[in-house]
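**Q** Sequence and predicted structure are below.
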Amino acid sequence: MHLSFRQIDIFRVVAQLESYTRAAEKLHLTQPAVSMQVKQLEEDTGLALFERHGKRMRLTNSGKELLHYANQVLHSYSDMLSAIEDLRDLSSGHLVISVATTATYFITKLLADFTTQHEGITLTLDVTNRQQLLLQLENFEPDLVIMGEPPKGHNLSSERLMENPLVVIASPRHPLAGRQQIKLQEITNERFAVRERGSGTRNAIERHFMSHGVECNSTLEMRSNETIKHSAEAGLGLGIVSLHTIQLELEAGRLVVLNVESFPIRRHWHIVTRKGKRLTQVARLFRDFVKREAPRTPLLNFPT
Ligand code: PGA
């Protein structure tokens with residue numbers, strides 16, 4: 001019997017996402033290609049690995065057993081890539097990092113400074129939301145991740161980098177602009193532009209409103225911080241975003257931060273690694289650089 005690495009990888013992703021369609025999206029393959037690979041693996045092993053529960057593909061007991069070994073294979077493979085990386089000259093090293101969508105507002109500058117100081121280092125950068133980042137970490141994919149505080153109990157190590165305040169934004173023409181001590185209750189009747197489910201910002205907003213016993217009556221869901229900012233600027237509604245995302249608009253006077261009670265929501269950026277993943281020399285260098293430089297990122301309108 002010959003099992004390919006590709007087959008094992010596809011099997012793992014389907015097992016994690018419990019769906020051929022979602023696995024195909026993640027792997028940039030077609031849905032039939034994914035299901036064919038799984039069928040082939042079932043034929044090669046002579047085992048039924050999945051059973052269908054409605055729309056979900058659940059692992060059978062044999063599938064669970066196989067997944068245990070598939071995880072080990074992938075972990076060793078990721079260590080092998082790190083070892084190869086370290087055997088090379090540092091000046092030709094490669095760094096694989098993934099960052100939360102919202103972190104792009106400061107990470108690009110840090111990456112530019114880092115690569116200027118270490119010419120020759122190449123980079124793979126993925127930008128996605130919190131949910132996807134957690135999945136990537138589970139799969140030992142990136143060397144390092146920059147995101148909001150990760151959940152406990154996912155075999156992750158994290159270190160706090162700096163503040164990430166979430167603020168309520170509006171057009172300077174909005175009736176609430178310039179008002180002091182706006183009650184939380186007052187803004188819940190406004191229309192809100194918020195990020196998609198799976199976003200760390202969105203999770204934090206929902207938790208915040210719930211802990212204050214209020215609900216937003218009208219929300220518009222958007223996948224990008226930029227669209228939320230444009231909507232607020234155009235007067236489509238209020239938005240809640242990280243202060244990092246609106247520095248240029250604040251400077252240009254195109255958006256204002258509303259003075260709402262219990263805001264800003266205080267969050268922090270973290271640098272996160274998968275426990276047990278071998279960190280390359282380049283990754284360690286970058287981690288130390290980010291820990292030193294990130295806290296120096298200027299932040300306009302930082303609430304005290
Ligand atoms: P988001 O991430 O871009 O997914 O909202 C920010 C975070 O993790 O807090």
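**A** Noted; the coordinates are in hand. Numbers count the residues shown, from 1 in each chain.

**Q** contacts, neighbours, all on C-alpha from now
**A** Will do.

**Q** low-scoring pLDDT stretches of the protein, where are they?
**A** 303-304 (pLDDT under 70).

**Q** any chance you could map the helices in the stretch 51-200 of the chain?
**A** 61-87, 104-117, 130-138, 184-187, 200-211 (DSSP state H, counting those that start in this stretch).

**Q** tell me what the first one is packed against?
**A** Applying 3 or more C-alpha pairs under 8 Å, 6 or more residues apart in numbering; DSSP states H and E, we find helix 61-87 packed against helix 5-17.

**Q** roughly how far out does the helix it packs on sit from the chain middle?
**A** 21 Å (C-alpha atoms, centre = their mean, to the nearest Å).

**Q** Skip ahead from that helix and say which helix or strand is next.
**A** helix 20-27 (DSSP states H and E).

**Q** just checking, next helix/strand downstream of that following helix?
**A** Heading C-terminal from helix 20-27 (DSSP H and E), you reach helix 31-45.

**Q** list the buried ones in that next one?
**A** 31, 34, 35, 37, 38, 39, 41, 42 (16 or more other C-alpha atoms under 10 Å).

**Q** can you list the residues that contact it?
**A** Under the contact criterion C-alpha atoms under 8 Å, 6 or more residues apart in numbering, helix 31-45 has outside partners 1, 2, 3, 7, 10, 11, 20, 21, 23, 24, 48, 49.

**Q** Spell out the secondary structure type for the second one.
**A** Meaning residue 2. Here residue 2 is coil, with the state taken from DSSP: H, G, I helix; E, B strand; the rest coil.

**Q** one step back: and which of the buried residues of helix 31-45 is nearest residue 188?
**A** Nearest to residue 188 among the buried residues of helix 31-45 is residue 31, at 41.3 Å by C-alpha to C-alpha.

**Q** Look up how far the ligand lies from the closest one.
**A** Using C-alpha to the nearest ligand atom, to the nearest Å, we find residue 31 at a distance of 26 Å from the ligand.

**Q** burial count for residue 14?
**A** For residue 14, the count of nearby residues is 25 (other C-alpha atoms under 10 Å).

**Q** mind checking how far it is from residue 67?
**A** 11 Å (C-alpha to C-alpha, to the nearest Å).

**Q** Touching both of the two, which residues are there?
**A** Residues touching both residue 14 and residue 67 (C-alpha under 8 Å, 6+ apart): none.

**Q** Now do stretch 271-283: everything it contacts.
**A** By C-alpha under 8 Å, 6+ apart, stretch 271-283 touches 75, 78-79, 82-83, 85-86, 90, 93-95, 137-138, 140, 143-147, 150, 155-161, 287.

**Q** interface residues of this structure facing the ligand?
**A** 100, 101, 102, 129, 130, 147, 148, 199, 200, 201 (C-alpha under 6 Å from any ligand atom).

**Q** from what I can see the fifth one touches residue 98, true?
**A** No - with contacts counted by C-alpha atoms under 8 Å, residue 130 stays clear of residue 98, the gap being 10.2 Å.

**Q** ends of stretch 15-33, how far apart?
**A** 16 Å.

**Q** Now do the phi/psi pair for the closest residue in space to residue 79 that isn't next to it in sequence.
**A** For residue 79, ignoring the flanking residues on the chain, the nearest one in space by C-alpha to C-alpha, 6 or more residues apart in numbering is residue 278 at 5.6 Å. Main-chain dihedrals, residue 278, degrees, to the nearest 10: phi -70, psi 120.
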